[in-house]
Every structure is written in C-alpha cells, then in structure tokens.
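Chemist: Sequence first, then the predicted structure, then my questions.
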Amino acid sequence: MDPWWKSAVVYQIYPRSFADADGDGVGDLRGIIGHLDHLAGLGVDVLWLSPVYPSPQDDNGYDISDYQDIDPLFGDLDVFDELLAGVHARGMRLIMDLVVNHSSDEHPWFLESRSGKASPKRDWYWWRPPREGMEPGAPGAEPTNWAAAFGGSAWEFDARTGEYYLHLFSRKQPDLNWENEQVREAVYTMMRWWLDRGVDGFRMDVINMISKDPALPDGRVSDRGVFPDGAAGYVNGPRVHEFLQEMHERVFAGRDAVLTVGEMPGVTIEEAVLFTDPRRRELDMVFQFDHVWADRGEDPWQLVPLKLTRLKAILGRWQAGLAERGWNSLYWNNHDQPRAVSRYGDDGPAHRVASAKMLGTVLHLHRGTPYVYQGEELGMTNHPFETIADFRDIEALGQYAEATRKEGRTPEEVLTVLRARGRDNARTPMQWDTSPHAGFTTGRPWLAVNPNHDRINAAAQYEDPDSVYHYYRRLIELRHTEPAVADGDFRMLLPHDERVYAFTRRLGATELLVLGNFTGTPVKPDLPDAPAWSSADLLLTNLAPPPPDLTLAPWQAVVYRRR
Ligand code: TEU
C-alpha cells in the first residue's frame, strides 16, 4: 500500500501573516482556527505551520528560545490543542516546523553554553578560538572565513570567553552541535513530546546542514573579498544520513502515519534519493532548491529571467531521478520565495488569473507531493515595495546593508532585486476581503497589506466559480480522484520548446497529457498526436477548450485523459 501522503496536498501557513484574531497586527492561532473552513473547503490534507514557538522573532520565529511551548504572540498550548482538534475534526493533519540546526541565542541551552568554557553545555554549540596567532576579535581572526546567510561572518565573537560561536544564519541563531549526543537526545525527546500531543509530523528546517565537517575547512576565496561561501563544510555533511537514521529510529519508529519533509538547500538528486528511499528510513521527502535558484545569476544583484527550457530540464531531472526510489515534493512558493504568479507568470490584470491557474496545474500534475503556500490559492502577487524602509525581513535588510555599504552597490540596483525576489513578497498579510487591512487585522499590520486586496481577496473568490481558489480546489480534488496523478509515471515532452511545458503521466492503461502555455500569446504545440488527444476527456482547463490542433490560448493549461 502506498503511503497516504503520495496523494496528499500540503498547505503552508505562515502564522504571523495569516489571520490576526486579537488585533495586535500579528497573526495568531485563533486567527487560524477562524479560517479552518477556508482550508477544508480547498480540500488540502495537511497543514504545515511555520514556527509558533517562543522566540525573540529575530527571523520571524526561525530562532526558537523554547521548543516546547507557544509564543504568547500566537497563543498558548491550550489554543494550540484547540487548533489541532479543529484540524483533525475536519479530516486534516498538522505538521510542525522543526528548527534544530540552530536555536535562538536566548534559548537557555545557549545561555548556559555561553556562560563559560567549563559549562556542561559548552559543547552543545560550535565554539572556537580565534585563528592561530590572531588577536581575539580582530578583523580576519574568525575561526573560518564562512559567510552567514544574512550578511557578515558566520562567527560571532563573544568577549566573555574570548571565543567565537558559529551561526550560519543571523547572530541570534547559533548552530547546535549535532556531534554532541546530548544535543541529539534532547531534540528527539522534544520531537516525541509533540507527536504524543497529536501532531502529525515535521517540516525540518535546513536539515541537511546539521552535520558539519569537524575540520571546519575554509571556503574558497572569491575575488570580491567578502566572506566566502563555506557550504562545502556543512551542506550534506559527513554524518547527516547517520543522524537522520538515528532520529527515525528514536522518534518515528512505530508511528507509521507521520509525515517528514526535510528542507535542503543545495541537495543533489543523488543525495535526495538516499534521504527519501523508504528502505533507508530517513525522511519521506525533501525540498530541493534547483528550480528556485535557476533565475539567480553569477552576480546576485543581477536579475536573470528564467528560461522555460531550463526550468523543464531541472524539474525533469528531479522527476527522473526519483522515479524508482524516493519521492519528490513540489512547490513554487513558500515564505522565502517571491510570489509565483509574479515570478513565472504574469501578474498584470489581463493574465494574472489564467497564469496563476496554469502554474498550479503544471506543478500539481507532476509526480510528488504538492505544497500550496498561503495566498497562492488566491493568485496573490508580489508587493509594490518602494524603499528599504518598507521591508521587515532580516535577510533583505542584511543583504541591503552589505551590498550598499561594503560592495558599493547603488540602493536602486539592490532594491530592484529585492522587489522581485525578496522574501517579504510572500509575507504580506493574507487577503481575506476588501476591508481596510484585507480582513487580516483590526489593528496595524506588522507588514503592509498589498493594496491590490480590493481586487484580490478570498471573499470575492468564494463567490466566483472561475476564481483561482475554486480552480485550486478542483486541482486538489483531481489528485484525490485520479490515481494517475499520484502514482503515474512521468514523461517530459518538448524539452526544447521555450513556450509550452508538456508531459504525460501514465498508470496502467490510463494516460494523462498536461500542457501549459508559459507565454502571453497563443501557441500551437508541436505534438504529432494532438488530434487524438483533443478527442480525449478534458479533465481540467483554465480557459475555453482548445481547438483540435490543441492551440493554447495565452497562459492556458489543459489536462487530458485517455484510457
Ligand atoms: O531557509 C533556509 C534557506 O536556505 C533559504 O531559503 C533562506 O530563506 C535564505 O534565503 C538563505 O539565504 C530556512 C527558512 O525557511 C528560512 O525562513 C529561515 O530564515 C532559515 O532557514 C533559517 O532558519
């Protein structure tokens, strides 16, 4: 029997931006409870909650100071239990975000670790003396030359003991030392506590970075002289499979129904097969990044338009690579990515609805488990950010400071890229209705609501059978009712075509054809058997049925079935 999650769709909630019930301008658990019927109505099977644990909120909760409680910003454990019961009562499941590559620097573990070299928890984090022969705290004395994701060195000097601690993200996110068995034990105990409480699994933050090469090798020095990328020393490190197998054995053994998905920047297909082969007992699936990094250039402050052939080559490779062993997860959006319709579609008034539906169709018809990020089901767009003062994201602010002050970039050059790719695009509040803050809050929202909520909002879309919301509902239903969507083989067609995304899925005698026009002009796809397909069952399309030669209207998607 196939595991249940092969025919499931996961919906990601970013709680701070979903719905605010207490009017403080930040979303909360009660807000989610109030909108559970939106999610049940959409038909999703699983909710993934971005972190809601106590946190100084330096990185919006990805810096946790207590793994076994709820931040008062979001509610408390009683409200959490109520939410969980409401989710289960509607036949859905709930998975938590597990952020254990690092904790907050305000977590008691770190406070204790920091207190002195003799602390029993000193070794729970990565403490190192300055580079041989260098003055502690002097420029260039950091133990390695690694860069932190949000700017600057990955090492923070701590005057109290004259040593540095490692932080791959912000200085308020010190990396836990997974070499230490007590650390692993503490994490497993905490995970079992949540499962015993009734949660259904975990999305694991940067879980392919938990094993560092203990030699901590310097990264290759680049010519720009800023901190180099130390990724070779911590991405897919030497013990990562061992740690995940141990976690599986200690936490998931005997709990067959849980879902585990590992977020893995820089994971290769070969590694992903190992992580997700069920016989190895590690994870159910991973998030890879190749397709969302494909529009990054050599120069990070240059926008590179994504060529469709490149996107197809990447996703096609992942489909083929995990066809026999392992399993894919599928996403365009999450809280770290710009809005898909603005990035790969056309968010102007003429094509926004059609292109949002087309993107959803192409993604959801791949083999793998699709993830919908809040607002994607409404075709929400990027935000019209003007100045750097409009941004809240620690990554955007850190990169802006570094690029303008240290690299001599112009503010406009940097802002152009942040407007297109910045993470806050995904984090503007959910657009529920036409009221002043889109029904998100009665207070002042922590991040401005997109002014287009007067046109793009859930209330209007419930009423409109042609809305993106109702289309996503049908798309999700198709995965539940047509076995070839979950289980069929995948075959890419037209790999060299820059305009049409085309593939088939086959299960026994059933074959599906999926076409997506990635342009704003009509296209006749170069398919020899177009006439035969045109008389097959048209299971889904976002526009009027195409003519017999299958000429697709701008941004049209079609799904045909024949048996
Ligand atoms: O993200 C990890 C990650 O590598 C990136 O997607 C990240 O957003 C950034 O762009 C790196 O330059 C995860 C979380 O999803 C993200 O929100 C957190 O900020 C990060 O880990 C640290 O916990």
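Modeler: Nice, thanks for sending it over. Numbering: from 1, shown residues only.
Chemist: and Glu298, how many neighbours does it have?
Modeler: With neighbours defined by other CB atoms under 10 Å, the count for Glu298 comes to 6. (Glycine included, C-beta is placed from N, CA and C.)
Chemist: count of residues packed around Val341?
Modeler: 32.
Chemist: do you know how far it is from the ligand?
Modeler: 20 Å (CB to the nearest ligand atom, to the nearest Å).
Chemist: Also Glu82?
Modeler: For Glu82, the distance to the ligand (CB to the nearest ligand atom) stands at 26 Å.
Chemist: repeat for Arg203
Modeler: 9 Å.
Chemist: And what about that residue, helix, strand or coil?
Modeler: Put simply, Arg203 is strand when judged by DSSP: H, G, I helix; E, B strand; the rest coil.
Chemist: Quick check, it in contact with Val100.
Modeler: No - judged on CB atoms under 8 Å, Arg203 makes no contact with Val100 at a distance of 11.8 Å.
Chemist: Figure out how far stretch 120-130 is from the centre of its chain.
Modeler: 30 Å (CA atoms, centre = their mean, to the nearest Å).
Chemist: which ones are touching the spatially closest residue to Lys312 that is not a sequence neighbour?
Modeler: Excluding the flanking residues, the one nearest Lys312 by CB to CB, 6 or more residues apart in numbering is Pro495, at 5.8 Å. With contacts defined as CB atoms under 8 Å, 6 or more residues apart in numbering, the neighbours of Pro495 are Thr309, Lys312, Ala313, Gly316.
Chemist: List phi and psi for Leu378.
Modeler: As for Leu378, its main-chain torsions (degrees, to the nearest 10) stand at phi -110, psi 0.
Chemist: In contact with whichever residue of the stretch 151-300 of the chain sits closest to the ligand, which residues are there?
Modeler: For the stretch 151-300 of the chain, the residue closest to the ligand is Pro265, as judged by CB to the nearest ligand atom, at 3.9 Å. Pro265 makes contact with Val206, Asn208, Met209, Val235, Phe289, according to CB under 8 Å, 6+ apart.
Chemist: and the residue in the stretch 51-200 of the chain that the ligand sits nearest to, what does it touch?
Modeler: The nearest approach of the stretch 51-200 of the chain to the ligand comes at Tyr62, 3.5 Å away (CB to the nearest ligand atom). Contacts of Tyr62 were listed using CB under 8 Å, 6+ apart, and they are Ser50, Pro51, Ser55, Asp97, Val99, Phe169, Gln173, Asp205.
Chemist: How about the secondary structure of the fourth one?
Modeler: In other words, Asp97. Put simply, Asp97 is strand when judged by three-state DSSP.
Chemist: Could you dump the contacts of Pro495 into TSV with pLDDT, secondary structure and distance to Arg325 added?
Modeler: What follows is these, written out as TSV (pLDDT from 0 to 100; DSSP: H, G, I helix; E, B strand; the rest coil; distance: CB to CB, whole Å):
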residue	pLDDT	secondary structure	distance to Arg325
Thr309	98	helix	27
Lys312	98	helix	22
Ala313	98	helix	21
Gly316	98	helix	17
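Chemist: interface residues of the stretch 151-300 of the chain facing the ligand?
Modeler: When proximity is defined as CB under 6 Å from any ligand atom, the stretch 151-300 of the chain approaches the ligand at Phe169, Asp205, Val206, Glu263, Pro265.
Chemist: before we move on, back to that, what about Arg203 and Val100, which has more around it?
Modeler: Arg203 (26 against 23).
Chemist: what's across from that one in the sheet?
Modeler: With DSSP bridges applied, Arg203 shows beta-bridge pairing to Asp97, Val261.
Chemist: Show the pLDDT at it.
Modeler: Arg203 is assigned 98 on the pLDDT scale.
Chemist: One more: Arg279?
Modeler: Taken from the predicted model, the pLDDT recorded for Arg279 is 97.
Chemist: Report the contact partners of the closest residue to Leu365 other than its chain neighbours.
Modeler: Distances taken as CB to CB, 6+ apart put Val514 closest to Leu365, at 4.4 Å, once the chain neighbours are dropped. Contacts for Val514 were tallied using CB under 8 Å, 6+ apart; they are Thr361, Val362, Leu365, Tyr501, Ala502, Phe503, Thr504, Arg505, Ala557, Val558, Val559.
Chemist: thinking His437 is in contact with Leu447, fair?
Modeler: No - counting by CB under 8 Å, Leu447 is not a contact partner of His437; they are 10.8 Å apart.
Chemist: Could you pull up the residues touching Ala356?
Modeler: Ala340, Val341, Gly345, Glu376, Gly379, Val468.
Chemist: how about the nearest residue to it, chain neighbours excluded?
Modeler: Taking CB to CB, 6+ apart as the measure, Ala356 lies nearest to Gly379, with 3.4 Å between them; neighbours along the chain are not counted.
Chemist: And for the one you found, the neighbour number?
Modeler: Close neighbours of Gly379, defined as other CB under 10 Å, add up to 27.
Chemist: quick one, what contacts the nearest residue to Arg409 once chain neighbours are set aside?
Modeler: Using CB to CB, 6+ apart and skipping residues adjacent in sequence, the residue nearest Arg409 is Ala403, 4.3 Å away. Each residue near Ala403 by CB under 8 Å, 6+ apart is listed here: Trp301, Arg409, Glu413, Val414.
Chemist: Where is pLDDT lowest across those residues?
Modeler: Lowest pLDDT within those is found at Trp301 (89).
Chemist: wouldn't that residue be in contact with Glu412 here?
Modeler: No - Trp301 sits out of contact with Glu412 when judged by CB under 8 Å, with a separation of 10.6 Å.
Chemist: Could you check which of those two is surrounded by more residues?
Modeler: For Trp301 and Glu412, the more surrounded residue by other CB under 10 Å is Trp301, and the numbers stand at 15 against 7.
Chemist: Can you tell me how far that one is from the ligand?
Modeler: 14 Å.
Chemist: for that residue, phi and psi?
Modeler: Reported as degrees, to the nearest 10, the phi and psi values for Trp301 are phi -100, psi 30.
Chemist: and it, what does it touch?
Modeler: Contact partners of Trp301, counting by CB under 8 Å, 6+ apart, are Ala403, Arg409, Glu413, Val414, Val417.
Chemist: do the same with Ala509
Modeler: Contacts here follow CB under 8 Å, 6+ apart; on that basis Ala509 touches Arg563.
Chemist: hmm, who's touching stretch 474-484?
Modeler: Counting by CB under 8 Å, 6+ apart, stretch 474-484 makes contact with 7-9, 42-44, 360-361, 364, 370, 372, 485-486, 505-507, 510-512, 539-540, 559, 561, all of which sit outside it.
Chemist: Would you mind checking those for buried ones?
Modeler: With neighbours counted using 16 or more other CB atoms under 10 Å, the contacts of stretch 474-484 contain these buried positions: 7-9, 42-44, 360-361, 364, 370, 372, 485-486, 505, 507, 510-512, 539-540, 559, 561.
Chemist: Burial check on Thr387, number of neighbours?
Modeler: A total of 8 residues lie near Thr387 under the criterion other CB under 10 Å.
Chemist: And the helices in the stretch 351-500 of the chain?
Modeler: Along the stretch 351-500 of the chain, the segments classed as helices by DSSP state H, counting those that start in this stretch run 352-364, 394-401, 411-421, 424-427, 458-463, 468-481, 483-487.
Chemist: my read is Leu315 is in a helix, agree?
Modeler: Yes - following the definition three-state DSSP, Leu315 is counted among the residues of a helix.
Chemist: Residue numbers of this protein in contact with the ligand?
Modeler: Taking CB under 6 Å from any ligand atom as the contact definition, the chain meets the ligand at Asp59, Tyr62, Val99, Ala149, Phe169, Asp205, Val206, Glu263, Pro265, His335, Asp336, Glu395.
Chemist: Okay then, goodbye and thanks.
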